[in-house]
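Trainee: pasting the sequence and the predicted model now:
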Amino acid sequence: MGATEALREDHRLAWRLEALIVACCERLEAGGDVPLGDIEAISGVIDGFMDAVHHAREENTYFACVGAYGMASEIRAFLIEHEFARRVAAKVARHAARWRAGEDAREPVCRFLRAYATFLRDHMTKEEAFFDEAEEALSAEEEAEMRDYFAAAGPDAAAARRAEEAIAALEAAPWSQGGAVRR
């Protein structure tokens with residue numbers, strides 16, 4: 001598996017996260033309950049995997065290599081979108097903390113989670129097309145070298161496992177109705 005396929009593997013996990021976020025918001029908007037701990041777990045996957053691992057892999061390694069093949073405008077757009085996602089994720093965490101402190105912050109938590117789900121759908125769809133283009137440009141050696149770099153970042157693998165476990169647990173939660181993947 002090359003670096004591009006490793007990033008696509010991250011996306012498979014992210015699509016599951018997106019489905020969970022949508023299920024969470026639908027439940028909250030219908031007046032149902034979602035345990036705050038589950039919302040905090042979603043926020044943890046966003047921070048601990050989507051940003052700290054997936055976006056870091058792209059920003060610190062993948063984009064630098066692919067940028068040599070004239071894809072600078074697409075990369076710039078992705079970097080801006082990553083920053084947008086960080087800001088939305090920070091809002092989710094901030095409002096979840098308000099909720100934890102006893103305030104009724106369900107509406108802003110849901111609103112910012114919905115914004116994050118919309119970001120994921122749009123962003124990953126564009127990145128998948130970008131990955132197709134990048135794979136055409138990258139050599140097998142470049143793919144392997146970046147993959148090895150990803151593997152050398154040991155905490156990344158542990159964070160991915162934790163994210164997978166958290167998502168599986170959330171998919172099993174009664175409110176998620178199985179967290180059906182929409183893709």
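Mentor: Here it is on my side, so go on.
Trainee: just checking, what packs against the helix or strand harbouring Arg8?
Mentor: Arg8 belongs to helix 3-29 when assigned by DSSP states H and E. Packed against helix 3-29 by the contact rule (3 or more Cβ pairs under 8 Å, 6 or more residues apart in numbering; DSSP states H and E) you find helix 36-45, helix 56-57, helix 106-137, helix 140-152, helix 154-172. C-beta coordinates here come from the backbone N, C-alpha and C atoms, glycine included.
Trainee: switch these over to JSON lines; also include mean neighbour count.
Mentor: Compiled in JSON lines, the helices and strands packed on helix 3-29 are given as follows (neighbours: other Cβ atoms under 10 Å):
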{"stretch": "helix 36-45", "mean neighbour count": "19"}
{"stretch": "helix 56-57", "mean neighbour count": "20"}
{"stretch": "helix 106-137", "mean neighbour count": "17"}
{"stretch": "helix 140-152", "mean neighbour count": "15"}
{"stretch": "helix 154-172", "mean neighbour count": "16"}
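Trainee: distance to Arg86 and mean pLDDT added to those helices, as TSV?
Mentor: Below are the helices and strands packed on helix 3-29 laid out as TSV (distance: least, Cβ to Cβ, whole Å; pLDDT from 0 to 100):
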stretch	distance to Arg86	mean pLDDT
helix 36-45	12	97
helix 56-57	11	91
helix 106-137	10	96
helix 140-152	21	89
helix 154-172	16	88
